[in-house]
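[1] curious how this folds, go ahead:
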Amino acid sequence: MKVPKKMRKFCPKCKQYQEMTVSLNRQQGKNKVHPMSRGSRSRMRKRGLDRGFGNKGSTSRGAMSSWKRYNVKKSKKVNLLLKCAVCHKSIQLVGSRAKKVEVSHT
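    Next up, the predicted model:
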């Protein structure tokens, strides 16, 4: 999906439509699944891996890496960061799902 480098969008601070520069807002390393989270524990319990006492976190890594989730989402939602040219206020535009997003210069 190609996104233009500049857009005319409504600025909530200026309270009018302004020219805005577009950049991709990527979250890095925040969406990692913790091995001791409730979903992981219940998944391990169903597979018979979450048994016994002591440090259960040490058992969760290797056994779960070979297991494949089916029907997973093929793409992530991309958030666009728009910066107003007048007041320099940044707003986040929640984008749609796309495998590849590129900010074009046209």
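
[2] correct me, but S23 touches V101?
    No: using Cβ atoms under 8 Å, S23 makes no contact with V101, being 10.9 Å away. The way it works is simple: take the backbone N, C-alpha and C, and place the C-beta from them, glycine included.

[3] more neighbours: which of these two?
    The residue with more neighbours, out of S23 and V101, is V101; 18 against 14, by other Cβ atoms under 10 Å.

[4] just say helix, strand or coil for the residue nearest to the more buried one when sequence neighbours are not counted.
    With sequence-adjacent residues excluded and distances taken as Cβ to Cβ, 6 or more residues apart in numbering, V101 is closest to V78, at 4.7 Å. Here V78 takes the strand state, with states given by DSSP: H, G, I helix; E, B strand; the rest coil.

[5] number of residues surrounding V78?
    Applying other Cβ under 10 Å, we find 19 other residues in the vicinity of V78.

[6] ok, now how distant is it from K89?
    Using Cβ to Cβ, to the nearest Å, V78 is found at 21 Å from K89.

[7] what do you get for S40?
    When Cβ to Cβ is the yardstick, S40 and K89 sit 39 Å from each other.

[8] and the helices in this protein?
    38-47, 57-65 (DSSP state H).

[9] where among these is average confidence lowest?
    Note on those: helix 57-65 shows the lowest mean pLDDT, a mean of 52.

[10] next up, the contacts around the residue nearest to K13 when sequence neighbours are not counted.
    If you skip the residues right next to it in sequence, K13 has K89 as its closest partner in space, 4.4 Å away by Cβ to Cβ, 6+ apart. Contacts for K89 were tallied using Cβ atoms under 8 Å, 6 or more residues apart in numbering; they are C11, P12, K13, C14, K83.

[11] no more questions from me, cheers.
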